[in-house]
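3D, please:
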Amino acid sequence: MSTPAGIVSGRRKLRLGVLTAAVTTVLTLLCCVGGAGAFLLTELGGDEKGKLTAALACDPAYQVDLTREMPRFSEYGDGQLRNAAIIIKVGQDLNLPARGWVIALATAMQESALRNLANSTVPASLALPHEGVGSDHDSLGLFQQRPGWGSVQQRMTPSYAARKFYEKMLEVPNWQQRPLTVVAQRVQRSAFPDAYAKHEDLAGRIVNALAGGAARTVEIADKAVCDAAAGARIAASGWTAPIAGGVGSGFRTNERPGHNGVDIAAAKETPIHAAAAGRVLVARCDPDHSGRRDCNRDGWSGKGGCGWFVDILHAGGYITRYCHMVRRPHVVPGQSVEAGQEIGLAGSSGDSSGPHLHFEVHVDADRSPRGAINPVPFMRERGAPLGGTT
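Numbers count the residues shown, from 1 in each chain. Predicted coordinates for the structure are as follows:
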């Protein structure tokens, strides 16, 4: 499978998107090692530690401990992470699925940077403990709640503020299936409704670090199950496997060093699902080596091109690519899609010797080969391992 024609290189950054080969080998054997495993890597920096924690532990029964030493993330300090722990703990006390914790956490990250903010209208006589002064004159606390949400003292109490957020979140129809930014906006009514999405990935990693890998869980028959997000099942992280089937040809193997994704076996006409909520960037027939757009028939090895393919941009600058569809995709450029939404059907168009899905993940919003990372560990860390079943 060749890279789609006309792709322009994006910015190159130092990336820590994948684990080293040696660590990956070990992690393959350690899918779910229990809650204690989530806190074995306390000396690592924030981003590295968050990713490794997600890969090492998945314990749906793990309960947040508000008294323990907080893990370290470069983006937030100890006090902010303790506020994050309170938000998660309230969600656990309410018996809410972990997807709700991720939504609440990302919302508070946007509203207050996880700080319990006062404002200039709070009477000095109240002497309320706070961690800064917000810019909105009548909004308070972790979620910047206005007077209708409760008294000053209540809104400045993190557990109260989190509970009120969850109560409003539960009133949003189908909140577990809808994009995070849609749910958060229905609760908050923000002037910047798209801003919540940028926090989703980090919110998931913090939930993993504080709650035993909970962002990797999916609700099945009202029970949290690790690493089972596929098809209509969406992990708490917001991700799902795009298709069921075993992974065949791998990422940049010795035999195929230019293979920038993985091939997942699938029969013709098998539905392909968006791996996460996002916006469609590309949905078209990719030219073959001769420059022809010839996708309405089966291709062959060496023909060139992705055939009918789709690129989707997700929160955090991630891009997913889906190649070799049997016919024109179900989506169009600019369209917003939800996680798990059917975007096309598996086929064998383009540079393909048989029906399958070629699946790629790119970082830094870079559609070129420079942006490609191995999708196998990436999806496993989000509770949506490739090669699972629906």
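
where does the nearest residue to Gly347 once chain neighbours are set aside land on pLDDT?
Distances taken as CB to CB, 6 or more residues apart in numbering place Val326 nearest to Gly347, at 2.6 Å, with adjacent residues excluded. Using the backbone N, CA and C atoms, a C-beta is placed for each residue, glycine as well. Val326 carries a pLDDT value of 98.

Surely Val326 and His356 touch.
No. Judged on CB atoms under 8 Å, Val326 makes no contact with His356 at a distance of 11.1 Å.

Check the secondary structure at Ala215 for me.
Following DSSP: H, G, I helix; E, B strand; the rest coil, Ala215 is assigned to helix.

Now do it against Asn174, distance only.
Per CB to CB, to the nearest Å, Ala215 is found 20 Å from Asn174.

If you count surrounding residues, which of those two has more?
Ala215 (31 against 9; other CB atoms under 10 Å).

Now do the same contact list for that one.
Shown in contact with Ala215 (CB atoms under 8 Å, 6 or more residues apart in numbering): 54, 98, 102, 204-205, 207-208, 235-237, 382-383.

Bridge partners for Ala372, pull those for me.
His362 (DSSP bridges).

Renumber starting at 49 from here on
With the count now opening at 49, the last piece we talked about shows up as Ala420.

Tell me where the model's unsure across this protein.
Residue ranges of the chain with pLDDT under 70: 49-104, 168-185, 239, 241, 436-438.

Okay, domains of it per the record?
Following automatic domain parsing, the chain resolves into domains at 49-79+275-438, 80-274.

Between the two ends of stretch 378-390, what distance do you get?
Stretch 378-390 stretches 7 Å from its first residue to its last (CA to CA, to the nearest Å).

Now it: buried residues?
By 16 or more other CB atoms under 10 Å, the buried positions in stretch 378-390 come out as 378-379, 383, 385-389.

returning to that earlier point: give me the buried entries from the contacts of Ala263.
102, 146, 150, 252-253, 255-256, 283-285, 430-431.

Sitting in helices, which of the residues you listed do you find?
102, 146, 150, 252-253, 255-256 (DSSP state H).

could I get those as CSV with distance to Ala132?
Output for those, formatted as CSV (distance: CB to CB, whole Å):
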residue, distance to Ala132
Ala102, 15
Ala146, 13
Val150, 11
Gly252, 12
Arg253, 11
Val255, 8
Asn256, 12
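
For the stretch 99-248 of the chain, just list every one of the helices.
Here the stretch 99-248 of the chain has its helices, by DSSP state H, counting those that start in this stretch, at 126-141, 146-160, 200-203, 206-217, 228-236, 248-258.

tell me which residues in the longest one are buried?
This means helix 126-141. In helix 126-141, counting by 16+ other CB under 10 Å, buried: 128-140.

ok, now the fourth one?
Across helix 206-217, burial judged by 16+ other CB under 10 Å covers 206, 208-214, 216-217.

on that earlier part again, okay, and which of the buried residues of stretch 378-390 map to strands?
Those of the buried residues of stretch 378-390 mapping onto strands are Val385, per DSSP state E.

Closest one of the buried residues of stretch 378-390 to Val273?
Gly388 (16.0 Å; CB to CB).

who touches Phe299 in this structure?
The contact partners of Phe299, taken as CB under 8 Å, 6+ apart, are 307-310, 420, 422-424.

Format the residues you listed as CSV; extra columns: neighbour count.
Below are these laid out as CSV (neighbours: other CB atoms under 10 Å):
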residue, neighbour count
His307, 19
Asn308, 24
Gly309, 27
Val310, 24
Ala420, 23
Asn422, 20
Pro423, 26
Val424, 21
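
Go ahead and confirm Ala292 touches Ala277.
No. If you go by CB under 8 Å, Ala292 and Ala277 don't touch, sitting 11.5 Å apart.

Count the residues that sit near Gln201.
Neighbour count for Gln201, taken as other CB under 10 Å: 12.

can you tell me how far it sits from Glu303?
Using CB to CB, Gln201 is found at 65 Å from Glu303.

Sort out for me which of the contacts of Phe299 are in strands.
310, 420.

Out of the contacts of Phe299, which is nearest to Asn167?
Closest to Asn167, out of all of the contacts of Phe299 and judged by CB to CB, is Pro423, at 44.5 Å.

Looks like that closest one contacts Gly309 (just checking).
Yes. Using CB under 8 Å, Pro423 is in contact with Gly309, at 6.1 Å.

Tell me how many other residues crowd Gly189.
Around Gly189 there are 31 residues (other CB under 10 Å).

what sits against it?
Per CB under 8 Å, 6+ apart, neighbours of Gly189: 160, 164-165, 203-206, 209.

rerun at 7 Å
164-165, 203-204, 206, 209 (CB atoms under 7 Å, 6 or more residues apart in numbering).

Turn those into a markdown table, including distance to Trp197.
Shown next, in a markdown table, are the contacts of Gly189 (distance: CB to CB, whole Å):
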| residue | distance to Trp197 |
| --- | --- |
| Asn164 | 14 |
| Leu165 | 14 |
| Arg203 | 6 |
| Met204 | 11 |
| Pro206 | 13 |
| Ala209 | 8 |
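
about what we covered before: and the ones in helices among the buried ones among the contacts of Ala263, which is closest to Ala232?
Closest to Ala232, out of all of those and judged by CB to CB, is Val150, at 10.5 Å.

any idea how far the closest one is from Gly392?
From Val150 to Gly392 the distance is 27 Å (CB to CB).

Same question for Trp149.
Taking CB to CB, one finds Trp149 at 32 Å from Gly392.

Looking only at neighbour counts, state which of those two leads.
The residue with more neighbours, out of Trp149 and Gly392, is Trp149; 30 against 26, by other CB under 10 Å.

ok, the more buried one - contacts?
135-136, 139, 255, 262.

from the residues you listed, which single one is nearest Thr115?
Ile136 (14.1 Å).

How about the contacts made by the closest one?
Ile136 neighbours (CB under 7 Å, 6+ apart): 112, 149, 153, 255, 258-259.

Now with 10 Å, please.
111-112, 114, 144, 146, 148-150, 152-153, 210, 254-255, 258-259, 262 (CB atoms under 10 Å, 6 or more residues apart in numbering).
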